[in-house]
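*Asks:* Could you look at this predicted model? Sequence included:
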Amino acid sequence: MLTAEKLKKYAREELGIDAIGIASIDRFANAPEYMHPQSIMPECKSVIIFTRRILRGCYRGIEQGTHWPSYQVFAYAGLTKLVHQANYRLGRFIEDHGFEAVPAPPAATLKESGPRGPVPEGGKYPRNINISLRIAAVMAGLGEMGWSKVFLSHDFGPRQRLGCILTDAELEPDPIRIGEICDQCKLCVRDCPGEAINKDKAVEFDAGGKKWKCNDLNLGRCKLTHFGLNRTTSPHFVKSFPGVYLPIKEQGITWVEGWNFGHALFSALPTYKAFSAYPIAICGARGCIISCMDHLEKRKRIKNIFHTPFRNAPPWKLPEKPQQFHEDHHGFVYDPENPDANKNGGVQSNWY
């Protein structure tokens, strides 16, 4: 017999999962069709969410402006692989008890482009169903969404990746717990390099009989900064495009535009090209994760506390405006690493 207790014991002891929670399907009653678990699995009765922590030290290299792979390669690609492995083994465990398990990994948020493809007959919803793992994690009792819209757990604050399995097994759900972690300090607003987090304007969620508010996030600014097109937090972009001025707060770009724009440039930036098979959090989530994490640790609002604080000084920042303009180089080659090429403002020849 499969019980919630038996499933959780296996997940923790055999799979090394940090936390696991269960939401009953009735908690998704208000979810739109394109985010509803039963649009994927009509017989779904329980939504299982689990977490694997991101090592705090993975943020250290970006915080110091020295080393990006520990976050990009290890905490994104590497940890996502571990989540998928746990998803598979947990699904096998559920199947061994005679129930079906549907892995529901995170996917790109493409709500604004709508479901692509023809509408099928019989009242079926078109493809591109995408469950919000953050909302599902709240409804599974694992934590809450902070003002930034990042999911916060009671153990690690914003520092985890989420896994999800849908099943037709009717398992005992966990109580929803909100209002215990985020204290609305809004340091995420202050420290977001893309100025994407709204200080005052909010959106309200109503799920599982609980209501909560998060900021009305500017997804376009967030994506541009996340993809490393913000000069203030991306030395990679500045090195390859030293003369480009792209003030993020003046952009009216949408999430999809930011996604497409970023991917169009990745092949021109060696670092991004190497990372482009995975999410490109070049900004290191400076406001929504790092500042939030540091604040929650210092206020002891989460369980995983360290002997030393993560941040003791303001984070580094690069100039938003280019340091070389047309009147300095006249459109000729500018090479910041070659002193000879930078004489006369970067002009290699006076014949122009």
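*Replies:* Okay, I see it.

*Asks:* Could you identify the helix or strand that succeeds the helix or strand that contains I94?
*Replies:* Here I94, judged by DSSP states H and E, is contained in helix 79-95. Next helix or strand after helix 79-95 toward the C-terminus (DSSP H and E): strand 101-103.

*Asks:* contact partners of the helix or strand that comes right after that following strand?
*Replies:* For strand 101-103, the following helix or strand on the C-terminal side (DSSP H and E) is helix 133-139. Helix 133-139 has contacts (CB atoms under 8 Å, 6 or more residues apart in numbering) with 21, 23, 27-28, 31, 35, 37, 47, 49, 51, 104, 106, 143-145, 149-151, 153, 162, 164, 176, 178, 205, 207-208, 210, 212. (C-beta placed from N, C-alpha, C; glycine too.)

*Asks:* For the very next helix or strand once past helix 133-139, name the packing helices and strands.
*Replies:* Next along the chain after helix 133-139, taking DSSP H and E as the criterion, comes strand 143-145. Under the contact criterion of 3 or more CB pairs under 8 Å, 6 or more residues apart in numbering; DSSP states H and E, strand 143-145 touches helix 133-139, strand 151-153, strand 210-215.

*Asks:* Extract the C-alpha trace of the first one and format it as CSV.
*Replies:* Taking Å, rounded to 0.1, in the frame of the first residue of the first chain, the C-alpha atoms of helix 133-139 are listed here in CSV:
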residue,chain,number,x,y,z
LEU,A,133,6.2,24.5,-9.9
ARG,A,134,6.4,27.5,-7.5
ILE,A,135,2.7,27.7,-7.0
ALA,A,136,2.4,23.9,-6.7
ALA,A,137,5.2,24.0,-4.1
VAL,A,138,3.2,26.5,-2.0
MET,A,139,0.1,24.3,-2.3
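
*Asks:* Buried residues, that helix. List them.
*Replies:* Within helix 133-139, the residues that count as buried by 16 or more other CB atoms under 10 Å are L133, R134, I135, A136, A137, V138, M139.

*Asks:* Give me the distance from it to the chain's centre.
*Replies:* On the basis of CA atoms, centre = their mean, to the nearest Å, helix 133-139 sits 14 Å off its chain's mean C-alpha point.

*Asks:* and that helix, what's its mean pLDDT?
*Replies:* Across helix 133-139, pLDDT averages out at 95.

*Asks:* just use 314 as the starting number from now, easier for me
*Replies:* Yes, from this point I'll number from 314; that puts the last item at helix 446-452.

*Asks:* ok so, going back, now distance to T538 too, for the helices and strands packed on strand 456-458, in TSV please.
*Replies:* Below are the helices and strands packed on strand 456-458 laid out as TSV (distance: least, CB to CB, whole Å):
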stretch	distance to T538
helix 446-452	19
strand 464-466	19
strand 523-528	15
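
*Asks:* got a list of contacts for the helix holding I407?
*Replies:* So helix 392-408 is contacted by 315, 320, 323-324, 327-330, 361, 363, 365, 367, 413-416, 418, 474-478, 480, 482, 591 (CB under 8 Å, 6+ apart).

*Asks:* just checking, which of those belong to strands?
*Replies:* I361, F363, R365, A414, V415, P416, R474, L475, G476, C477, I478, T480 (DSSP state E).

*Asks:* Not counting its neighbours along the chain, what's nearest the first one?
*Replies:* Nearest-residue entry for I361: I478, 4.5 Å, with adjacent residues in sequence omitted and distances by CB to CB, 6 or more residues apart in numbering.

*Asks:* Give me the pLDDT for that neighbour.
*Replies:* Reading off the model, I478 has pLDDT 98.
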